[in-house]
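In: any chance you could fold what I've pasted below:
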Amino acid sequence: MDTRKRKTVYTIVERDGRCWWRPLGVGFVNPDGSIDVRLDAFPQSGALQLRDAGPRGLPGEAGT
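Out: Here you go, the predicted structure:
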């Protein structure tokens, strides 16, 4: 699968002045440019961040 078409879905949780990126699911880019999202959990804040998926298990995949 072309990893540029796969997205990782995160929520960003702020605690004690720090931000924690929590993966919640995946997104898939369709041929028409729309994105299907599959969530394993729901964010408490209601906010989601979609990022291009990196190789599995690669540290820093979620950024900072």
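In: what ranges do the strands span in the protein?
Out: 6-15, 18-29, 35-39, 49-52 (DSSP state E).
In: any chance of those strands in a markdown table, with mean neighbour count too?
Out: Bear in mind the C-beta positions are built from the backbone N, C-alpha and C, glycine included. Formatted as a markdown table, these follow (neighbours: other C-beta atoms under 10 Å):
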| stretch | mean neighbour count |
| --- | --- |
| strand 6-15 | 16 |
| strand 18-29 | 14 |
| strand 35-39 | 12 |
| strand 49-52 | 15 |
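In: dump these to CSV, plus mean pLDDT.
Out: Below are the strands of the chain laid out as CSV (pLDDT from 0 to 100):
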stretch, mean pLDDT
strand 6-15, 92
strand 18-29, 93
strand 35-39, 95
strand 49-52, 92
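In: in this structure, which residue is closest to the centre?
Out: V9 (2.0 Å; C-alpha atoms, centre = their mean).
In: surely it and Q49 touch.
Out: Yes: applying C-beta atoms under 8 Å, one finds V9 in contact with Q49, separated by 7.3 Å.
In: quick one: residues contacting the closest residue to the residue nearest to the centre of the chain other than its chain neighbours.
Out: Of all residues not flanking V9 in the chain, G25 sits nearest, at 4.3 Å (C-beta to C-beta, 6 or more residues apart in numbering). Shown in contact with G25 (C-beta atoms under 8 Å, 6 or more residues apart in numbering): 8-9, 37-41.
In: equivalent analysis for A47, please.
Out: 11-12.
In: check it and give its pLDDT.
Out: Note for A47: predicted pLDDT of 88.
In: with that, I have no additional questions.
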